[in-house]
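Trainee: here is the input, now give the coordinates:
(chains A and B)
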Amino acid sequence: MIKIKNHLGTIGISTAYLRQLISNTAESCFGVSGLNAYGAKQGVYAMLKKENTTKGVIIRQDGDELVVDLHITVNYGVNVGAIVDSIIHKVNFVLSEQAGVPVKSVNVFVDEMTS
Amino acid sequence: MINGSLLRSAFISAAHSIANKKKSVDELNVFPVPDGDTGTNMSMTIGNSLAELENLSSDAPCSTVSQTMASCLLRGARGNSGVILSLIFRGFAKALQGKTEMTAEDLVNALELGVQGAYKSVMKPTEGTILTVARESAEKAREILHTTNDPTAIMTDVCIQAKLSLDETPKLLPALAKAGVVDAGGMGLLIIFEAMRDVFNGGSIVPLNDPEGAKTVTVENFASTVGQYDAEIHFTYCTEMLITKKQGCDDPAKLRAYLETIGDCVVVVEDDEIIKVHVHTNNPGKAIEKGLEFGCINLPKIENMKLQHEAKQKQSKREFTPAKPEKEFGFVAVAAGKGIEAMFRDAGADCIVQGGQTMNPSTEDLLAAIMSCPAETVFVLPNNKNIIMAAEQAVKLADRRVCVLQTRTIPQGMAAMLAFDPDADFNTNRLEMTNALEHVSTGQITFAARDSDFEGHSIKQGEILALDNGKLSFVEKDLAKAAYKLTKRLVKGDSSFVTILYGSDVTDDAAEALSKQVSSKFSNVEVNLINGGQPVYYYIISVE
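Mentor: Next comes the predicted model:
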């Protein structure tokens, strides 16, 4: 649960919702040809379930802000710098626009490449 | 058959066309993120290839031309549309591998491979974008391949299909339809295809209108380099010119060396055809004379910077100067009427902005007040629901922490100010003040400005309106009766304070009479009568 406090009260947004949101956003970004399970927990999930749509998205809270890690697969022959740049912008935009969560950083890790 | 030289010309012409039209493509952008300037991005991406394409020998085979193009685009890709463009041209490189000339089938393969690459690179392709335009064009090309073996004819049909697909994009993406535009990336692709078609058809290369547009030195970053120098003025005239190089001219470094002897802030940027010069000097004539030795001069500009500087200073004087923060908290209150203003001042407001019902201050007025408030954190009391929005706009523009309290009426603003504790921290104060303002009931007595029918009350012009916490409570003809009746409605069992602010249109005697009437009716409440001097509202009554 990500909690944001303001003078009127507290807003709690479930991690599952945010991960789904980020995952959907990332998948629709140009250049992301896949998201990769990362870490032991996600690895186990990935083995058990065929479709775990939120794999590759790791979020944590730093103060009132959100830190997002994305583990992606890219296709051979794209300019990684350019696409990562646009992924970061898009995720940042969607989070602030749709969830109203302030974003501290979006870190994109390019783990794999397909040809 | 298309040979290498023709393909090269087609690519160059495409790069020029998109650079020329980048502004109009930019304007089609509807998405605020992430690919803000599609036209600029596409033209920068493809513009990267210009220098290398021009360096190729004219008998280079198609394979070399397309390879060069693809690798330049890959390296120079900017933004989504740029990356997609690079993949489409990578299709050309793949399809033309080892070929000296391009047949109709090669062209179809090239388009198909490019589209495949682009689609492979995204998990969930968004239809209604450049992807759709590219895909449908490639499909069309494959469809007509058996009817012709002329690549030019295929390119012509590809352009027609691209135009059709582009016109369909608003149907696929609601955001486009809403803005009433077609997809910007798709538009860029169409421009590129059309430029290539024209060259295949025997047309000449489209010239570049704006020489800097596609080059590495853009106008913007040229200006910003110059901007850094402009802080101090030693030389009076800012001189800029474009020199079209003449054959066998000297090294522009010599021009720079000369300019440095007569001025400062020298910037000399050159490419194959032009030299762009910027210098601050007291002798602009000399600079231009020297420039003439290198070629024809175009667009010379001479500005007197001292005059500009003075004008700028005058302008900044008219604007407000931000006050240095001296204390932790400050207050800006919006109020109208001498009595009310004085009340806020007494309560500790640093700055009063004139305003209220029917005279809303602008965001700029509020910002000026916030900036002139010598505090690190400024609380803003809008005291009217129509001003809250403007106040919140000012938050983003201010250089200090600003908190807008949602005060909708004057008494709410007062209550909030009284709840302020100078020793508590920001969050506590904000909470306390918000709590306090919510516990105030406000009654307002005003008059109807025109005949209307509102919330089931039919109102005649000039009648007295009684508002209970902003909502119309009842309509009355007699002012004194209305005020008394409204007060009676507002006072609850646990109310202990009644404050009556009377406006500029009410006499002291009338107000006095009301106060007496109220205090005799409710023995357990304390009644305060204040001359607020506010316009519009005859009485503002607050009950705590």
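
Trainee: what about whichever residue of the stretch 301-450 of chain B sits closest to chain A, how many neighbours?
Mentor: Distances between the stretch 301-450 of chain B and chain A by C-beta to the nearest C-beta are smallest at residue B:430, namely 4.6 Å. In short, each C-beta sits where N, CA and C put it, glycine included. Neighbour count of residue B:430, defined by other C-beta atoms under 10 Å in any protein chain shown: 20.

Trainee: residues in contact with the residue nearest to it when sequence neighbours are not counted?
Mentor: Nearest residue to residue B:430 in three dimensions, chain neighbours excluded: residue A:7, at 4.6 Å (C-beta to C-beta, 6 or more residues apart in numbering or on different chains). Contacts of residue A:7 were listed using C-beta atoms under 8 Å, 6 or more residues apart in numbering or on different chains, and they are B:427, B:430, B:431, B:434.

Trainee: next helix or strand past the lowest-mean-pLDDT helix or strand in chain A?
Mentor: Using mean pLDDT, DSSP states H and E, helix A:39-48 stands out as the lowest-scoring helix or strand of chain A, at a mean of 66. Downstream of helix A:39-48, the first helix or strand assigned by DSSP states H and E is strand A:57-62.

Trainee: for that next one, the averaged confidence score.
Mentor: On average, the pLDDT along strand A:57-62 is 86.

Trainee: which residues does that strand contact?
Mentor: Outside strand A:57-62, the residues that reach it (C-beta under 8 Å, 6+ apart) are A:2-3, A:15, A:18-19, A:22-23, A:26, A:35, A:38-39, A:66-71, A:104.

Trainee: how about the helix or strand that comes right after it: buried residues?
Mentor: Remark: after strand A:57-62, the chain's next helix or strand is strand A:65-75, criterion DSSP H and E. Under the neighbour-count criterion of 16 or more other C-beta atoms under 10 Å in any protein chain shown, strand A:65-75 has A:66, A:68, A:69, A:70, A:71, A:72, A:73, A:74, A:75 buried.

Trainee: give me the sheet partners of strand A:65-75 and which way each runs.
Mentor: Taking DSSP bridges as the criterion, strand A:65-75 forms sheet pairs with strand A:34-35 (antiparallel), strand A:57-62 (antiparallel), strand A:103-114 (parallel).

Trainee: mind checking which of those strands is nearest residue A:93?
Mentor: Residue A:93 lies closest to strand A:103-114 among the strands paired with strand A:65-75, at 9.1 Å (C-beta to C-beta).

Trainee: what about that closest one, average pLDDT?
Mentor: 91.

Trainee: could you count how many residues lie near residue B:416?
Mentor: 28.

Trainee: tell me if stretch B:374-393 is near chain A.
Mentor: No. Applying C-beta under 8 Å from any C-beta of the partner chain, one finds stretch B:374-393 out of contact with chain A, separated by at least 11.5 Å.

Trainee: Three-state assignment for residue B:540, please.
Mentor: strand (DSSP: H, G, I helix; E, B strand; the rest coil).

Trainee: picking up where we left off before, export the contacts of residue A:7 to JSON lines and tack on secondary structure and distance to residue B:417?
Mentor: Formatted as JSON lines, the contacts of residue A:7 follow (DSSP: H, G, I helix; E, B strand; the rest coil; distance: C-beta to C-beta, whole Å):
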{"residue": "B:427", "secondary structure": "helix", "distance to residue B:417": "18"}
{"residue": "B:430", "secondary structure": "helix", "distance to residue B:417": "13"}
{"residue": "B:431", "secondary structure": "helix", "distance to residue B:417": "15"}
{"residue": "B:434", "secondary structure": "helix", "distance to residue B:417": "12"}
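
Trainee: sort out which of the residues you listed are buried, if you could.
Mentor: By neighbour count, with 16+ other C-beta under 10 Å, those hold B:430, B:434 as buried.

Trainee: let's have the contacts of residue A:7 in TSV, adding pLDDT.
Mentor: Putting those into TSV (pLDDT from 0 to 100) gives the following:
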residue	pLDDT
B:427	85
B:430	87
B:431	86
B:434	86
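
Trainee: just give the nearest non-adjacent residue to residue B:164, would you?
Mentor: residue B:136 (7.7 Å).

Trainee: quick one: which helix or strand includes the one you found?
Mentor: According to DSSP H and E, residue B:136 maps onto helix B:130-144.

Trainee: for that helix, C-alpha coordinates in PDB please.
Mentor: C-alpha atoms of helix B:130-144 as PDB (Å, rounded to 0.1, in the frame of the first residue of the first chain):
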ATOM      1  CA  ILE B 130       2.600   6.000 -37.500                       C
ATOM      2  CA  LEU B 131       2.600   2.200 -37.100                       C
ATOM      3  CA  THR B 132      -0.800   1.800 -38.700                       C
ATOM      4  CA  VAL B 133       0.100   4.100 -41.500                       C
ATOM      5  CA  ALA B 134       3.300   2.200 -42.200                       C
ATOM      6  CA  ARG B 135       1.600  -1.200 -42.000                       C
ATOM      7  CA  GLU B 136      -1.300  -0.400 -44.300                       C
ATOM      8  CA  SER B 137       1.000   1.200 -46.800                       C
ATOM      9  CA  ALA B 138       3.200  -1.900 -46.900                       C
ATOM     10  CA  GLU B 139       0.200  -4.100 -47.300                       C
ATOM     11  CA  LYS B 140      -1.000  -2.100 -50.200                       C
ATOM     12  CA  ALA B 141       2.400  -2.300 -51.800                       C
ATOM     13  CA  ARG B 142       2.400  -6.100 -51.500                       C
ATOM     14  CA  GLU B 143      -1.100  -6.200 -53.000                       C
ATOM     15  CA  ILE B 144      -0.300  -4.300 -56.100                       C
END
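
Trainee: brilliant, that's me finished.
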